[in-house]
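A.B. asks: Give me coordinates for this.
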Amino acid sequence: MPAFPSTLPTPRTPPSMDAPPLRWGVLGTGWIAERFVASVQRHTRQRFTAVASRATGRAKGFAERHGIPAAYGSYEDLVAASDVDVVYVATEHTAHLVCARLALEAGKHTLVEKPLALDASEAAQIVELASARGLFCAEALWTFFLPKFDVVRQILESGVLGDIHTVLAEYGEHFTAEHRILRPESAGGPLLDLGTYPLSLATWVLGAPAEILALGQPHPAGVNGQTAAVLRDADGNQAVVHTTLFSDTPTSATLAGTRATLTLPGPFYQPGDLTLTPSGGGTTLTYTEPRTAHEALHHEAAEVARCVAAGQLETPLRPLADSLTTLRAMDEIRRVAGIRFGPGEAVLE
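C.D. replies: Residues are numbered from 1 along each chain as shown. This next block holds a predicted model:
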């Protein structure tokens with residue numbers, strides 16, 4: 001077993017500005033698309049050549065705000081454009097499969113906002129199509145591309161935590177009544193938007209669960225309001241995850257091993273601090289980085305550019321197999337808790 005370190009590792013994340021420039025098209029003009037494009041433009045040499053929305057006016061407004069030369073009122077027109085190398089799918093969850101298929105069938109490398117699809121079956125279709133076409137594809141779960149999470153990755157690889165028996169992770173946020181997360185027809189509820197973060201952390205650390213226990217509570221808007229789940233791996237190790245729309249929570253995470261505990265204060269999935277504490281007490285080591293929130297979205301775009309330039313079809317930082325594992329676990333949570341959602345419905349039975 002390795003000795004407890006005197007210092008924490010430093011991130012191995014290359015500078016985003018060094019990533020080879022590609023030409024990007026954006027499907028969707030919502031909240032995350034605005035932040036993704038702004039961050040990538042400020043911190044990389046990537047070029048946005050086109051944006052599309054089902055409403056031409058929204059596409060034109062987005063293009064004007066971000067200096068993008070082409071605005072389309074059709075997703076089909078954008079993926080057919082000859083000056084687009086990579087398509088970023090930033091639509092609502094219910095359209096991820098359709099839009100990813102459009103991009104891949106048009107021969108474009110594709111980055112799909114998290115989660116990759118509504119469920120594992122849809123995600124598998126995307127993965128299979130990308131493989132068949134020989135195109136890069138990834139889930140834009142930006143957490144795993146952050147420098148902080150490369151420090152987490154190195155800590156896990158070092159074995160300094162010992163045997164990890166416990167993962168605790170949660171994410172709760174309050175939303176106003178008009179937000180799409182409260183709309184059943186948009187596959188609303190916390191699981192896809194918020195729950196992806198604690199669940200992806202749990203499945204990354206412990207792997208695919210062998211058993212899941214879960215409970216849900218409905219929201220007056222007609223969607224699931226909160227869900228708690230316990231995941232057990234084949235060796236009996238456990239993860240406890242929770243997500244809610246009813247209130248703001250600390251949104252923290254803990255990876256507890258037999259030799260040390262890694263703590264990620266909230267919001268754990270964003271840039272920020274982490275601490276490593278030896279079991280039984282002792283000197284706590286702290287990693288600190290600026291809490292830049294979504295300004296750090298550029299890291300995932302830079303990784304896509306590096307992978308595409310190197311001829312890689314996926315990224316080792318968030319392999320497609322990991323995306324599928326998380327969605328399979330989410331499918332099981334929904335089954336056990338009696339939560340149904342999909343195009344046109346998101347209710348708790």
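
A.B. asks: Against residue 93, how distant is residue 12?
C.D. replies: Plainly put, residue 12 is 32 Å away from residue 93 if you go by C-beta to C-beta, to the nearest Å. (Glycine included, C-beta is placed from N, CA and C.)

A.B. asks: Which residue of these two possesses the greater neighbour count?
C.D. replies: Neighbour totals were compared for residue 12 and residue 93, and residue 93 leads with 25 against 10 (other C-beta atoms under 10 Å).

A.B. asks: quick one: low-confidence parts of the stretch 1-150 of the chain?
C.D. replies: Counting by pLDDT under 70, the stretch 1-150 of the chain contains no low-confidence range.

A.B. asks: hmm, try it at 80
C.D. replies: 1 (pLDDT under 80).

A.B. asks: So which residues of it form strands?
C.D. replies: 23-27, 47-52, 70-72, 86-89, 109-113, 137-140 (DSSP state E, counting those that start in this stretch).

A.B. asks: Compare the ones you listed and give me the one nearest residue 122.
C.D. replies: Using C-beta to C-beta as the measure, strand 109-113 is the one of the strands of the stretch 1-150 of the chain that comes nearest residue 122, at 10.5 Å.

A.B. asks: If you count contacts, what does that closest one end up packed against?
C.D. replies: Applying 3 or more C-beta pairs under 8 Å, 6 or more residues apart in numbering; DSSP states H and E, we find strand 109-113 packed against strand 86-89, helix 96-105, helix 120-133, strand 137-140, helix 298-309.

A.B. asks: Now render the ones you listed as TSV, adding distance to residue 196 and mean neighbour count.
C.D. replies: Written out in TSV, the entries for the helices and strands packed on strand 109-113 read as follows (distance: least, C-beta to C-beta, whole Å; neighbours: other C-beta atoms under 10 Å):
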stretch	distance to residue 196	mean neighbour count
strand 86-89	15	26
helix 96-105	12	22
helix 120-133	12	18
strand 137-140	9	26
helix 298-309	14	23
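
A.B. asks: The spatially closest residue to residue 106 that is not a sequence neighbour: neighbour count?
C.D. replies: In space, residue 106 comes closest to residue 79 once its chain neighbours are excluded; the distance is 3.8 Å by C-beta to C-beta, 6 or more residues apart in numbering. When neighbours are counted by other C-beta under 10 Å, residue 79 registers 24.

A.B. asks: helix/strand/coil for residue 341?
C.D. replies: Judged by DSSP: H, G, I helix; E, B strand; the rest coil, the three-state class of residue 341 is strand.

A.B. asks: hmm, back to that, I'd like to know which of the strands of the stretch 1-150 of the chain lies nearest to residue 281.
C.D. replies: Judged by C-beta to C-beta, the one of those that comes nearest to residue 281 is strand 137-140, at 38.7 Å.

A.B. asks: For the stretch 201-349 of the chain, which segments count as helices?
C.D. replies: Along the stretch 201-349 of the chain, the segments classed as helices by DSSP state H, counting those that start in this stretch run 298-309, 320-337.

A.B. asks: Pipe the ones you listed into CSV and attach distance to residue 219 per row.
C.D. replies: Supplementary listing: these in CSV, determined by distance: least, C-beta to C-beta, whole Å:
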stretch, distance to residue 219
helix 298-309, 30
helix 320-337, 13
